[in-house]
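Chemist: just a sequence and a predicted model for now, questions to come.
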Amino acid sequence: MRKIYIFDTTLRDGEQSPGVNLNTQEKVEIALQLEKLGVDRIEAGFPAASPGDLAAVNAVARAVKNASVMGLARSVEKDIDAVAEALKGAQDPAIHIFLATSPIHRQHKLRMSKEQVLETAQKAIRYAKKHFSRVEFSAEDAGRTELDFLCEVTTLAVREGVSVVNIPDTVGYMNPAEFGNIFKTLKENVAGIENIQLSAHCHDDLGMATANSLAAILNGADQVEGTINGIGERAGNTALEEVALALATRADYFQATTSLNLKEIARTSRLVSKLTGMVVPGNKAIVGANAFAHESGIHQDGMLKEKTTYEIISPDTIGLRDSKLVLGKHSGRHAFREKLVDLGYEQLTEEQVNAAFGKFKDVADRKKNVSDEDIRALLEEKMIETPEVFAIEQLVVSFDTHATPKASITLKTPKGIVKTTEEGNGSVDAIYHAIDKLTGETVELDDYTIKSVTDGTDALGEVHVVLKQGDSSAHGRGVSTDILEASARAYVDALNRLVDKRNGPTRSRRDNVTLI
Ligand SMILES: CC(=O)SCCNC(=O)CCNC(=O)[C@H](O)C(C)(C)COP(=O)(O)OP(=O)(O)OC[C@H]1O[C@@H](n2cnc3c(N)ncnc32)[C@H](O)[C@@H]1OP(=O)(O)O
Ligand SMILES: CC(C)C(=O)C(=O)O
Ligand SMILES: [Mg+2]
C-alpha cells in the first residue's frame, strides 16, 4: 500500500471560510486534535496576515510535537520572514510558498509575464531555502494553467530543491479526468520529479474536490491537502475525512492508505464545527448526522438483518458508537418492534404492536422524527385500555385575539355521533364546555397540567387532567402534537374512566401489560 500524506489546512484555508475567525487558543485546540487524528502536516495559518495570526501559528508550532507545522507565504520576502518568525520553536517546521501560474492570474492579478512568474518563484524558493530545509511550492490556479508552463514551473521548483510541489485547483474548475491527467503529465515530463512529493489541493466549487483529489492519487499524487468537514474559501476544500474513508473503504481499488487514526474523525469534526461555527450539514458524507442513520422501513429491515446491506462503513470506524434507526413516517414494523424491545416493551402481543404501530404512523405523519419519548407516550396511552364510551371524532377550534374562542366537537357516544359548538374563556375551556354538553356528564375539573414530552416546536404535548364527580375522581391523559387535541383527549379519557368506575369492576385489558 502506498502512503498518502495528509496535509491539513483547516487552520489556514479552512479559516478563510467567510465568517470564521479562530483565536490562538482555538487554533491550538484544533491543532492538538489534528495531531491525535494523525495528520502529517498542519498548515497553521498565514503569519503575514496579522500579528494575531503570527502569534497563533507560533503557539501551534510550539504545542504540536507529532506533525510538521507549516505557515503560508506569498512569494515575497516579508511573508517568508513572517513564517520563519512564526515557526520558531517548532519541532518540525516547513514553509509553504505560492505563486499563481494561470494566464488569468498572471495577467489580471499579478500583472506578470511567464518569465516574471518563473523569476519570482525562483527568488522566493531560494530565499525560503535559507530559512527552511523543507519548502513546499504551490502553483496557484494550476488547474487553469497551460500544461507545458506548469511543467516548466514544476521543473524549476524541483531544480531549486523544494520538497513538495502542490497542484491547486484553486477555483474548483477541474474534473477528475483532467486533474488526474495533470499529475500523469508532470510525472512523465518533469526531470527529477521522483525526488519530490506531488500534492493535490482541491476546492469544491463544482462538488468535485474529493473526486479530483482521488484522481490525483490514482495518477501519482503523494499528498492530499484539505480540511476537516471540507470547510474553506467559498464552497470549501477537499474534506479530508472523505478522502481518508474513500482510501480505507476502497483500499482494494486505490491501493493507498493514510496514517490517520480514523477513530478520531468524528471527534475532530465535532470540534472543528464547534470552534468555527460552521454547522455540518446532516447529509454530509462521513460526518453528517445522517451519515449512519436509516429512516425507511426497507433499509431498516435490511440493517436489522445484516448491516452491510445498507452501510459500507461501520460507524465505529470513525469513532461513533452505533448506527441510528430513526423512526419516521417511512419506517416499517421491523424497526418499530425493535424499538419497542429496546424501550422494554418486549411483552407486547402482535395485536398490541400493530395497534401501536398505527398510532405511531399517525404521529409520524405529523412529526419529522418520532423520538423514544414520543413512543413511550403513545404506548402508555394505548395500553390503558379503558372502554371508549366517548371518543372524539373531530375537533375544530377557532381562536381570535379579538373574539371569544369557540370549539366545535363531534363525539361518538352510546347514543350515536353528536356534535356541538360552545364558547369558553379560552380554547381549552370552550372544548371542555362542548364535551360536557355532549356527554351530559357533570364533572369538575380538579387539575390540569400540560408538558412537552419531547423537544422542538413539533414535540408531543402531554396533558393530564383530574375530573371529580361526586365522591369519585379519575385521571385522564392525552398526547398529541397539538396541545388542544391533547387537552380534549385527556378530558375524554378521564370521563371514560369515571364511567368505567361507575359501571363497576374494570372491563379493561390493562392487566396484560406492564405500564412504565
Ligand atoms: C488561493 C489562496 O487561498 S491564497 C491565500 C489567500 N489568503 C489570504 O489572502 C489571507 C491573508 N491575506 C492578507 O492578510 C493580505 O491579503 C496580505 C497581508 C497577504 C496582503 O495584504 P495587502 O498588502 O494589503 O495586499 P492585498 O491583499 O490587497 O493584495 C494582494 C497583493 O499581493 C499580490 N500577490 C498575490 N499573490 C501573490 C503571491 N503569491 N506572491 C506575490 N505577490 C502576490 C497581489 O498581486 C497584490 O499585489 P499588488 O498590491 O501589487 O497589486
Ligand atoms: C495557497 C494555495 C495552495 C491555495 O489555497 C489554493 O490555490 O487554493
Ligand atoms: Mg486553497
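Modeler: Yes, it's here. Numbering: from 1, shown residues only. Ligands and ions are numbered 1, 2, ... in the order given.
Chemist: mind listing the strands for the stretch 1-150 of the chain?
Modeler: Assigned by DSSP state E, counting those that start in this stretch, the strands in the stretch 1-150 of the chain fall at 2-3, 5-8, 41-45, 68-74, 93-100, 135-140.
Chemist: what mean pLDDT does the longest one get?
Modeler: So that's strand 93-100. For strand 93-100, mean pLDDT is 98.
Chemist: again, but for the shortest one
Modeler: For strand 2-3, the mean per-residue pLDDT is 98.
Chemist: which residues does it contact?
Modeler: D222, Q255, A256, T257, T258, S259 (C-beta atoms under 8 Å, 6 or more residues apart in numbering). To be clear about C-beta, it is placed using only N, CA and C from the backbone, and glycine gets the same treatment.
Chemist: neighbouring strands - and their directions - for that strand?
Modeler: Applying DSSP bridges to the sheet, strand 2-3 is found paired with strand 256-257 (parallel).
Chemist: is stretch 95-114 anywhere near ligand 1?
Modeler: Yes: legend: contact between stretch 95-114 and ligand 1 by C-beta under 6 Å from any ligand atom is shown at F98, L99, K109, L110.
Chemist: surely the third one and T101 touch.
Modeler: Right, K109. No: K109 is beyond contact range of T101, at 11.3 Å (criterion: C-beta atoms under 8 Å).
Chemist: higher neighbour count, those two?
Modeler: Between K109 and T101, counted using other C-beta atoms under 10 Å, the more crowded position is T101 (28 against 12).
Chemist: residue contacts, the more buried one?
Modeler: Contacts of T101 (C-beta under 8 Å, 6+ apart): V117, A139, E140, D141, A142, T145, F149, L150, V153.
Chemist: show me which of those is closest to ligand 2.
Modeler: E140 (4.3 Å; C-beta to the nearest ligand atom).
Chemist: so what's that closest one closest to, chain neighbours aside?
Modeler: If the residues on either side of it in the chain are set aside, E140 comes closest to A100, at 3.9 Å by C-beta to C-beta, 6 or more residues apart in numbering.
Chemist: what is the neighbour count of that neighbour?
Modeler: A100 has 24 nearby residues by other C-beta under 10 Å.
Chemist: show me the contacts for it.
Modeler: With C-beta under 8 Å, 6+ apart, A100 has these contacts: R106, K109, L110, V117, A139, E140, D141, T170.
Chemist: pop out the phi and psi values for the spatially closest residue to Q16 that is not a sequence neighbour.
Modeler: Once flanking residues are discounted, Q16 sits nearest to E233: 4.4 Å by C-beta to C-beta, 6+ apart. Per-residue torsions, E233: phi -40, psi 140 (degrees, to the nearest 10).
Chemist: pLDDT (mean, whole number) over the helix or strand containing V463?
Modeler: For V463, the element it lies in under DSSP states H and E is strand 461-469. Across strand 461-469, the average pLDDT comes to 90.
Chemist: tell me what angle the very next helix or strand once past it forms with strand 461-469.
Modeler: Where DSSP H and E defines the elements, the next helix or strand beyond strand 461-469 is strand 472-480. Orientation note: strand 472-480 sits at an angle of 160 degrees relative to strand 461-469 (axes from the mean of the first three to the mean of the last three C-alpha atoms, to 10 degrees).
Chemist: buried stuff in strand 472-480?
Modeler: S473, A474, H475, G476, R477, G478, V479, S480 (16 or more other C-beta atoms under 10 Å).
Chemist: ok, stretch 401-418 next?
Modeler: P405, K406, A407, S408, I409, T410, L411, K412, V418.
Chemist: who's the closest spatial neighbour of the second one, skipping the chain neighbours?
Modeler: What it means is K406. S398 (4.7 Å).
Chemist: and the one you found, what pLDDT?
Modeler: On pLDDT, S398 comes in at 94.
Chemist: of the contacts of strand 2-3, just say which sits nearest to N58.
Modeler: Nearest to N58 out of those is S259 (C-beta to C-beta; 25.4 Å).
Chemist: which residues touch that closest one?
Modeler: With C-beta under 8 Å, 6+ apart, S259 has these contacts: K3, I6, G38, D40.
Chemist: among the residues you listed, name the buried ones.
Modeler: Buried among the contacts of S259 by 16+ other C-beta under 10 Å: I6, G38, D40.
Chemist: identify the bridge partners of N166.
Modeler: S138, S199.
Chemist: no wait, E444
Modeler: Beta-bridge partners, per DSSP bridges, of E444: K468.
Chemist: next up, the contacts around it.
Modeler: Residues near E444 by C-beta under 8 Å, 6+ apart: L467, K468, Q469.
Chemist: what about the last one, neighbour count?
Modeler: Counted with other C-beta under 10 Å, residues neighbouring Q469 total 17.
Chemist: where do the helices of the stretch 251-400 of the chain begin and end?
Modeler: 251-254, 265-276, 297-305, 333-342, 350-366, 372-383 (DSSP state H, counting those that start in this stretch).
Chemist: JSON lines for those, including mean pLDDT, mean neighbour count and distance to ligand 2?
Modeler: Below are those laid out as JSON lines (pLDDT from 0 to 100; neighbours: other C-beta atoms under 10 Å; distance: least, C-beta to the nearest ligand atom, whole Å):
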{"stretch": "helix 251-254", "mean pLDDT": "98", "mean neighbour count": "12", "distance to ligand 2": "23"}
{"stretch": "helix 265-276", "mean pLDDT": "96", "mean neighbour count": "20", "distance to ligand 2": "17"}
{"stretch": "helix 297-305", "mean pLDDT": "95", "mean neighbour count": "18", "distance to ligand 2": "38"}
{"stretch": "helix 333-342", "mean pLDDT": "92", "mean neighbour count": "18", "distance to ligand 2": "44"}
{"stretch": "helix 350-366", "mean pLDDT": "89", "mean neighbour count": "16", "distance to ligand 2": "45"}
{"stretch": "helix 372-383", "mean pLDDT": "74", "mean neighbour count": "19", "distance to ligand 2": "45"}
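Chemist: between those helices, which gets nearest to N23?
Modeler: Per C-beta to C-beta, nearest to N23 of those: helix 265-276, 9.2 Å.
Chemist: packing partners of the closest one?
Modeler: Contacts defined by 3 or more C-beta pairs under 8 Å, 6 or more residues apart in numbering; DSSP states H and E place helix 265-276 against helix 24-37, helix 240-249.
Chemist: next, the angle helix 240-249 makes with that helix.
Modeler: 170 degrees.
Chemist: which residues sit against the helix or strand bottoming out on mean pLDDT in the chain?
Modeler: Ranking every helix and strand in the chain by mean pLDDT, DSSP states H and E puts helix 372-383 at the bottom, with a mean of 74. Identification of contacts with helix 372-383 by C-beta under 8 Å, 6+ apart yields 327, 339-340, 342-343, 345, 352, 355-356, 359-360, 363, 367, 453-454, 460, 462, 477-479, 489, 493, 510, 513, 515-516.
Chemist: before we move on, what about stretch 393-407?
Modeler: Taking C-beta under 8 Å, 6+ apart as the rule, stretch 393-407 contacts 408-412, 417, 421-427, 429-431, 433-434, 484-485, 488.
Chemist: are any of these buried, and which?
Modeler: 408-412, 422, 424, 427, 429-431, 433-434, 484-485, 488.
Chemist: next, count neighbours for the residue nearest to K114 when sequence neighbours are not counted.
Modeler: Leaving aside its sequence neighbours, K114 sits nearest to F149 (C-beta to C-beta, 6+ apart; 6.0 Å). By other C-beta under 10 Å, the residues close to F149 number 18.
Chemist: now do G232
Modeler: Neighbour number of G232 under other C-beta under 10 Å is 26.
Chemist: so it belongs to a helix, correct?
Modeler: No: using DSSP: H, G, I helix; E, B strand; the rest coil, the assignment for G232 is coil, not a helix.
Chemist: measure it to V272 for me?
Modeler: 11 Å (C-beta to C-beta, to the nearest Å).
Chemist: now do the shared contacts for these two.
Modeler: In contact with both G232 and V272: G14, using C-beta under 8 Å, 6+ apart.
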